[in-house]
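A.B. asks: Need a 3D model of the sequence below.
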Amino acid sequence: MDVETIPELPTGAAELLREDGIDSLYPPQAEAVEAGVTQGDNLVASVPTASGKTLIAQLAMISAIDRGGTALYIVPLRALASEKAAEFEQLEALGIDVGVSTGNYEASGEWLASKDLIVATSEKVDSLVRNGASWIENLGCVVSDEVHLIDDPERGPTLEVTLAKLRQLNPGAQIVALSATIDNADAIAEWLDAELVDTDWRPIDLRMGVHYGGAAHFDDGEEGHTREELPVGASESATGAIVRDTLEDGGSTLVFVNSRRNAEAAAGRLGSVVEPNLEPEERAKLATLAEEIRDVSDTETSDDLADAVAKGAAFHHAGLASEHRSLVEDAFRDRLVKVVSATPTLAAGVNTPSRRVVVRDWRRFDGNAGGMQPLPVLEVHQMMGRAGRPGMDPYGEALLLAKGHDELDELFDRYVEADPEPVQSKLAAEPALRTHVLATVASGFARSREELLSFLEETLYASQTSEAGRIGRVVEDVLVYLQRNDFLERDGGTLTATNLGHTVSRLYLDPMSAATIVDGIEHALVVDDGSASGDSAAERRDETSEEVPLDDAEAALNEESASGGFTPASELVDSATAGDDAADGAENDVEAATEPAEDAGPTYADDVPLTPLALYHLVSRTPDMYELYLRSGDRETYSELYYEHETELLGAAPSEYEEDRFEHWLSALKTAKLLEDWAEELDEDKITNRYGVGPGDIRSKVDTAEWLLGATEEIVAELGAPVVDDVREARMRVQHGVKDELLELVGVRGVGRKRARRLYRAGIENREALRTADKSVILGALRGREATAETILENAGREDASMEAVEPDEDAEASVEAASGSGGSGGGPDASADDDANGDQANLGDFS
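C.D. replies: Got it, this is the predicted structure:
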């Protein structure tokens, strides 16, 4: 189909496509147009990677915008949001204003109302719906990218509920769902009342097979396999041989492994394969790139990555700083880096082309299953689909590695010749439902149990569940949980969110996280809960389920729920939540709190300060924080730390004989200690070595802690507990990574943790000092960087910020240099001579 014949495109759209090298549509794109994608019809496109799904979405969105609506493009990952927003900037030629929104779940996002096309993660869209973004009513087109991720237990329920809410809020909005090739795309289409484009067409050939015995065995499309020699040298690994062979043919290779450690080790080894094949010009560019990588952060991970990149190889995993990942992805796309060893983070939609893909590890550790488990077919196919990109490669090849002839046959049966698993809703898991049921009530989508059930009938879960009454049983358990924890009130058939429930929903917290926080605060501070019964808050939280006012029918539904495929909170086993049930030996410390009819409210002690470590530990125990795992020897270390701080921590600790719960408690303590070290200005490299994490992990933990402590700040204010200042200080310290004396300085834009410490050592202790101090002292503390000093002084409100003719004070410079070499053991930062090169790493901003 010629682009000029596409119906209902705005003026100039066809010309823009031609300028981008698109004169005619791929078959799946043409089929989508014939199905009405430019005319406002709902569509599900289930097609392979690199087969033009994004253009299908663009055609739908620009047509909807031309009709006067707003377009929303939902992505599963923040990194993908940035990539898509950059890709859509070309649409500005049509007068389309593009916006991207991924963070700050509390904001209403009204600034997005002026945008024509909005790119956001599903979690962000969910939060915008909760917080009443008015522009949602004007949506003309909603695109859900990677919709098959509805099958993901963690992120899938949010996407599913968000799509259901958007359809209810704006029934006339067009829904376009883009999916990998899946077994039941028709079920997704039926749920969304959509036309279906379901094809395995690709613009270039993808050959999938298995490497074994010095040869690549490919599926010939019939009964047998074709064999192509790909010998392995005496000192080579199979992966190394494939990389070498690909290099000799002018291609690049993407190698998938099952752990970060394996990714880093593989990159180091494969660099030795690549380096002899590099041209002098490539070596020079790679050397420059390696220095850029070192400048991002002064860590062992950064050094290891730079060493590999200098040889033309790289690794990629979630522990990297985001700038590291971007540099690697760009260099790989530009064919400067020839091989990347990666965990599956790189298979999640980010555009990373390669001639060949090697799936080296097809099993990974599953703690719930107690060992190594095979990867899902869909996940492996997503990895293999990264091979061969249009306009970049003449073909693509994807190989699994077999260690024996039996495994060769197994891999063909399990992956090469297998269809992907059908997508199944994961909404029935309580962690998902307790969040979304509360949000549905708090946002006014449902005001009764019947309305709630009616809304849930519009989800994929309902369309895939044939068992009569199952949704009712699932929902009842969740409603009882929310009522017990004072998030919801039930008056006859009416459901109403409490003030606390509204706060929790607006803050985008898992209700169990909020319950854990409330329990910890009350356990430490409540001296009289003001209840008519006279029971303490902790005693009230230990009440049994029989004391909750339920009628016989509701009680019967609760009893039946166990056989309905739903896991009640008291039976839930999850690495992120195990151990949250620690209060006073109860089965779950956040399960049992019913509000008496007459309640004067609790009385809080006003002389119990909460330490940062206690608050960091409290939020680390919540299911919204993925705590650090205990390594060999950690149990003894953190048990000793626990007993040292036992009276300081919040909440009732489990007995050390309760293995799983006590381990969770200690894992949270390890996470809290990392956060405390960061807030005590310990150098980042020391943190990565001490805890066995990467810079990206630190960023993730800091971001999550800042969010959870901000939520805690609002919760304690709602409760009336006199510890808001303690929580705020702990939040600000972990946000900026500083001790309390630097908090005012880091409030000045451009002053991060290291610059603040240097200024403080030079006697510049606050914002006022920046306005009045001798400029030479300030310049000396900032190592003579005039532009940096001028910017900081302007941001501090100094009228004359110019550093013209100012010489840096030698004493200030000397004190900074002396301190830089003194090490960072918690008493101060370990600043290197080059730590200004990346903008002071303020707030770990380079890792966000």
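A.B. asks: what about this protein, any weak spots by pLDDT?
C.D. replies: 104-108, 221-224, 347-350, 468, 527-601, 815-848 (pLDDT under 70).
A.B. asks: and it, what are its domains?
C.D. replies: 3-198, 206-416, 745-847 (automatic domain parsing).
A.B. asks: Could you report the neighbour count for Gly250?
C.D. replies: With neighbours defined by other CB atoms under 10 Å, the count for Gly250 comes to 12. Where C-beta positions appear, they are placed from N, C-alpha and C, glycine not excepted.
A.B. asks: same question but for Leu94, I mixed them up
C.D. replies: 17.
A.B. asks: Phi, psi for Tyr212 please.
C.D. replies: phi -160, psi 140 (degrees, to the nearest 10).
A.B. asks: His225 versus that one, what's the distance?
C.D. replies: 10 Å (CB to CB, to the nearest Å).
A.B. asks: These two - which one has more neighbours?
C.D. replies: Using other CB under 10 Å, the more surrounded residue of Tyr212 and His225 is Tyr212, with 22 against 18.
A.B. asks: List the contacts of the residue lying closest to the more buried one once chain neighbours are set aside.
C.D. replies: Closest residue to Tyr212 apart from its sequence neighbours, by CB to CB, 6 or more residues apart in numbering: Ala402 at 4.0 Å. By CB atoms under 8 Å, 6 or more residues apart in numbering, the contact list for Ala402 reads Val210, His211, Tyr212, Leu408, Glu410, Leu411.
A.B. asks: what packs against the biggest helix by length in the chain?
C.D. replies: The longest helix of the chain (DSSP state H) is helix 695-719. Packing partners of helix 695-719 (3 or more CB pairs under 8 Å, 6 or more residues apart in numbering; DSSP states H and E): helix 322-333, helix 499-506, helix 511-525, helix 612-620, helix 659-679, helix 684-691, helix 724-736.
A.B. asks: between the first one and helix 695-719, how many degrees?
C.D. replies: Interaxial angle, helix 322-333 versus helix 695-719 (axes from the mean of the first three to the mean of the last three CA atoms, to 10 degrees): 140 degrees.
A.B. asks: ok, back up a step: the residue nearest to Tyr212 and Ala605, how far apart?
C.D. replies: For Ala402 relative to Ala605 (CB to CB), the value is 65 Å.
A.B. asks: for Glu451, what are its contacts?
C.D. replies: So Glu451 contacts Phe445 (CB under 8 Å, 6+ apart).
A.B. asks: can I get the CA coordinates of the helix or strand containing it in PDB?
C.D. replies: Taking DSSP states H and E as the criterion, Glu451 maps to helix 449-456. What follows is helix 449-456, C-alpha atoms only, in PDB (Å, rounded to 0.1, in the frame of the first residue of the first chain):
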ATOM      1  CA  ARG A 449     -19.400  -3.800  46.000                       C
ATOM      2  CA  GLU A 450     -21.800  -4.200  43.000                       C
ATOM      3  CA  GLU A 451     -20.200  -1.300  41.100                       C
ATOM      4  CA  LEU A 452     -16.800  -2.600  41.900                       C
ATOM      5  CA  LEU A 453     -17.700  -6.100  40.500                       C
ATOM      6  CA  SER A 454     -19.200  -4.400  37.500                       C
ATOM      7  CA  PHE A 455     -16.000  -2.500  36.800                       C
ATOM      8  CA  LEU A 456     -13.900  -5.700  37.200                       C
END
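A.B. asks: Now it: buried residues?
C.D. replies: Arg449, Glu451, Leu452, Leu453, Phe455, Leu456 (16 or more other CB atoms under 10 Å).
A.B. asks: cool, and stretch 2-15?
C.D. replies: Neighbour counts over stretch 2-15 (16+ other CB under 10 Å) mark Val3, Ile6, Glu8, Leu9, Pro10, Ala13, Ala14 as buried.
A.B. asks: Would you mind measuring the gap between the ends of that stretch?
C.D. replies: 12 Å (CA to CA, to the nearest Å).
A.B. asks: about what we covered before: redo the helices and strands packed on helix 695-719 as TSV? Include distance to Val380.
C.D. replies: Listed next are the helices and strands packed on helix 695-719 as TSV, based on distance: least, CB to CB, whole Å:
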stretch	distance to Val380
helix 322-333	20
helix 499-506	37
helix 511-525	33
helix 612-620	34
helix 659-679	30
helix 684-691	31
helix 724-736	38
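A.B. asks: Turn these into a markdown table, including distance to Asp97 and mean neighbour count.
C.D. replies: Below are these laid out as a markdown table (distance: least, CB to CB, whole Å; neighbours: other CB atoms under 10 Å):
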| stretch | distance to Asp97 | mean neighbour count |
| --- | --- | --- |
| helix 322-333 | 24 | 21 |
| helix 499-506 | 28 | 21 |
| helix 511-525 | 36 | 26 |
| helix 612-620 | 37 | 26 |
| helix 659-679 | 38 | 23 |
| helix 684-691 | 38 | 19 |
| helix 724-736 | 31 | 21 |
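A.B. asks: what about those helices, which gets the closest to Leu709?
C.D. replies: For the helices and strands packed on helix 695-719, the distance to Leu709 is smallest for helix 724-736, at 3.7 Å, taking CB to CB.
A.B. asks: for the closest one, packing partners?
C.D. replies: Against helix 724-736 (3+ CB pairs under 8 Å, 6+ apart) you get helix 612-620, helix 659-679, helix 695-719, helix 743-746.
A.B. asks: got those helices as JSON lines, with distance to Gly396 columns?
C.D. replies: Shown next, in JSON lines, are the helices and strands packed on helix 724-736 (distance: least, CB to CB, whole Å):
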{"stretch": "helix 612-620", "distance to Gly396": "43"}
{"stretch": "helix 659-679", "distance to Gly396": "41"}
{"stretch": "helix 695-719", "distance to Gly396": "29"}
{"stretch": "helix 743-746", "distance to Gly396": "48"}
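A.B. asks: Nearest to Ile242, out of those helices?
C.D. replies: helix 695-719 (28.0 Å).
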